[in-house]
Each structure stands twice: as structure tokens, then as C-alpha cells.
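Colleague: one predicted model, sequence on top.
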Amino acid sequence: MSDPVVGVTDRRASRRSGRSRAAWVPLAYLAPAALLYGAFLLFPLGRAAQFSFFEWDGLGQSTFVGFGNYIALVQDEELREAFLHAFVLIFFYAVLPLAIGLLLAALLTRAQVRGLGFFRTIIFLPQVIAMVVVAVTWRQIYAPDGPLNGFLRAIGLGDLARPWLGDYTFTLPAVGLIGSWVSLGLVTVLLMAGMSRIPPELYESARIDGAGPFQEFFAITLPSVRGEITVALTLTIVAALKTFDLIYVTTSGGPGTSTTVPSYEVYRRAFQLGEVGAATAVGVALTIVVFAINFVVNRIGDKK
């Protein structure tokens, strides 16, 4: 006869072994994705952080300077101006499209407009077009003899016509409005998807209680799309802070330094000035800023 104590011990050991194997199964499925993530994102980011501690032109010998590149980064007035421009672009890429998108999505969803699918496709189209194509097109629109100035002259507002991408005052807002046009479709489609899931009974109950359209919007619609707003802000803020191709094609940071942004400074320092260490320090600093801002946005969005 077998010992019952030994049998119980064996069964417990078997269960522990089974639980141990079950715990490793999800990790085995995640391993390929984790390896790719580490190889193509974490490793390059770590190498960039390593380069940021050296003075290096990308070809010759490098010299260890510690935090020297970061100290120079903080003291560089042009670079501080570039980060300020990026924060200004957040308004055009994120805040303005969100305000307009909320209004458009609410009107289109509640009004049950015919051809809603076609409208979604049209308004989302800027997200599909390559940013270089968008930049070239808008550069022609903003040209001194372009359609915008032609329209202003045709309606008697010729005094407002100007070289929009060559004016120190209006160049950054002009570039920012291109970002607004690109981001609006994404934001509106996200918000429309969220609003379409709101039960109609909520609006009916609100109307029975005497609520008007504004009360319904702020009491029902806005809280119901909190998650979509968080996602929209996250995507558009990242786009604003890392924008490069739009600036490069339309203004190349000019006139002067009126439209320089951190991403463009990374390119300029690395490939034009040969300051790879300083360029990677700017890139690392930009990564930290992007992460910090979106961490705050997501924490606020997750609060009940």
C-alpha cells in the first residue's frame, strides 16, 4: 500500500509544477515581441543616451564630457526657443483640433447626417497623405502668389496678404495651422466613435428633466468620451513635439530661427554641424519631455 502522506505531497508538488509552467506560458508568448521591442527601440535609445555623454562628430574619436552636452543644452538660448516653439505647436496640433473636433463630432453624431461614412473618410484623409506631400501643397498655398493671398486680394483684403512662410510673426502660426488641419480628422473620428456608443436613453432622460443642448453636452457627451479625448491628446501632443518633416519642407526652421523645433535641431546638429553628441542629448531631452507630458495627460484622463 502506498503512503497517503507521500501521495498528498506528490499531488501538491504536481500542482505547484503545473502552476509554475502556466506562469511561464504568457511570458513565452510575449518573448518575441519583447525581444523586437528591446532590439529596435530600447537598445537604440540606450545607445543614444550613451552618445549624449560624448563630444563626437560621428566619424572620428569621441571625448567623454559627462553631462556637458546637457548643461550646454540648458544654456543654449536657441534650443530653449526651439522647445518653446514645440509647446506652441501643441496648441495647434492638439488643443485647437480637440475643440473643433468636439463640436463637429457632437453636431454630426446628434444630427444623424446622411453620408456619415463618406464624411469620416474625407475628414480622415490628411492622416493618410504623406506629410511631405502635405507640406509641399501648403507651401504652395502660402506662397506670395499662392491661392491664399489671391483669395484675400479677390475679396478686398489685399492688405492682409503677405509671404506667410517668410514673416517672422506669422510663420509659426501658419505652420501650426497645417498641423491643425492634419490632426482634426483623427480627433473628430475618434470622438465620433466614442459618441456613437452613448445610449440615446441618456439624452432622452436629460430632455425630460429639462436639459438643453449645452447641458446635455457637458453632462453626458463630454464625460462619456473622456477616454477618446485622452487618446486624441496623447497622439496629437506626440505629433506636435516630434514634428520634423513639416518644418523641414516648409521653412527649414526659418526665417531665422522663428520655426526651429527640437527634432529639427537634432537633424541640424547631427548632419549639418557634425555635433552628434549634442544632437543625441537634444533627442534624449525631447524623449523625456514627450514621456512626461503624456504621462500627466494619461494620469488626468484616467481619474474618475
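Modeller: Arrived safely, thanks for sending.

Colleague: span of stretch 121-138 from start to end?
Modeller: 21 Å (C-alpha to C-alpha, to the nearest Å).

Colleague: so what touches it?
Modeller: For stretch 121-138, the surrounding residues in contact (C-beta atoms under 8 Å, 6 or more residues apart in numbering) are 104, 178, 181-182, 184-186, 188-189, 245-246, 248-250. Quick note: C-beta positions are derived from backbone N, CA and C, even for glycine.

Colleague: export those residues to CSV and tack on pLDDT?
Modeller: Shown next, in CSV, are these (pLDDT from 0 to 100):
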residue, pLDDT
Leu104, 90
Ile178, 96
Trp181, 95
Val182, 95
Leu184, 94
Gly185, 91
Leu186, 93
Thr188, 92
Val189, 91
Asp245, 93
Leu246, 95
Tyr248, 95
Val249, 95
Thr250, 95
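
Colleague: nearest to Ala82 among the residues you listed?
Modeller: Nearest to Ala82 among these: Tyr248, at 13.4 Å, using C-beta to C-beta.

Colleague: go through stretch 157-167 and flag the buried ones.
Modeller: By neighbour count with 16 or more other C-beta atoms under 10 Å, stretch 157-167 contains the buried residues Ala161, Arg162, Pro163, Trp164, Leu165, Gly166.

Colleague: quick revisit: ok, so of the contacts of stretch 121-138, who is nearest Phe295?
Modeller: Using C-beta to C-beta, these come closest to Phe295 at Leu186, 21.1 Å.

Colleague: I'd say that closest one and Ala232 touch.
Modeller: Yes - using C-beta atoms under 8 Å, Leu186 makes contact with Ala232 at a distance of 7.0 Å.

Colleague: who's more crowded, these two?
Modeller: A direct count of neighbours by other C-beta atoms under 10 Å for Leu186 and Ala232 places Ala232 higher, at 26 against 20.

Colleague: what segments of this protein are strands?
Modeller: Along the chain, counting by DSSP state E, strands occupy 54-55, 63-64.

Colleague: okay, now the sheet partners of the last one, with direction.
Modeller: Applying DSSP bridges to the sheet, strand 63-64 is found paired with strand 54-55 (antiparallel).

Colleague: tell me the gap between the strand it pairs with and the middle of its chain.
Modeller: Relative to the chain's own centre, strand 54-55 is displaced by 30 Å; criterion: C-alpha atoms, centre = their mean, to the nearest Å.

Colleague: other residues contacting that strand?
Modeller: Applying C-beta under 8 Å, 6+ apart, the contact partners of strand 54-55 are Ser62, Thr63, Phe64, Val65, Gly68, Asn69, Glu275, Gly277, Ala278.

Colleague: looking at those, which has the most residues close by?
Modeller: Ala278 (27 neighbours).

Colleague: got the contact list for that one?
Modeller: Glu55, Asn69, Ala72, Leu73, Arg269.

Colleague: how far away is it from Asp76?
Modeller: 9 Å (C-beta to C-beta, to the nearest Å).

Colleague: tally of neighbours for the residue lying closest to Val276 once chain neighbours are set aside?
Modeller: Using C-beta to C-beta, 6 or more residues apart in numbering and skipping the chain neighbours, the partner closest in space to Val276 is Gly58 (4.2 Å). For Gly58, the count of nearby residues is 13 (other C-beta under 10 Å).

Colleague: wait, Gly58 touches Leu273, no?
Modeller: No - here Gly58 lies out of contact with Leu273, judged by C-beta under 8 Å, at a distance of 10.4 Å.

Colleague: reformat the buried residues of stretch 157-167 as CSV; add distance to Ile300 and pLDDT.
Modeller: Below are the buried residues of stretch 157-167 laid out as CSV (distance: C-beta to C-beta, whole Å; pLDDT from 0 to 100):
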residue, distance to Ile300, pLDDT
Ala161, 42, 93
Arg162, 39, 92
Pro163, 40, 92
Trp164, 35, 95
Leu165, 35, 94
Gly166, 39, 92
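
Colleague: nearest to Ile155 among those?
Modeller: Closest to Ile155, out of all of these and judged by C-beta to C-beta, is Ala161, at 10.9 Å.

Colleague: now the common contact residues for Leu186 and Ala232.
Modeller: Listed as contacting both Leu186 and Ala232 by C-beta under 8 Å, 6+ apart are Pro97.

Colleague: all set now, cheers.
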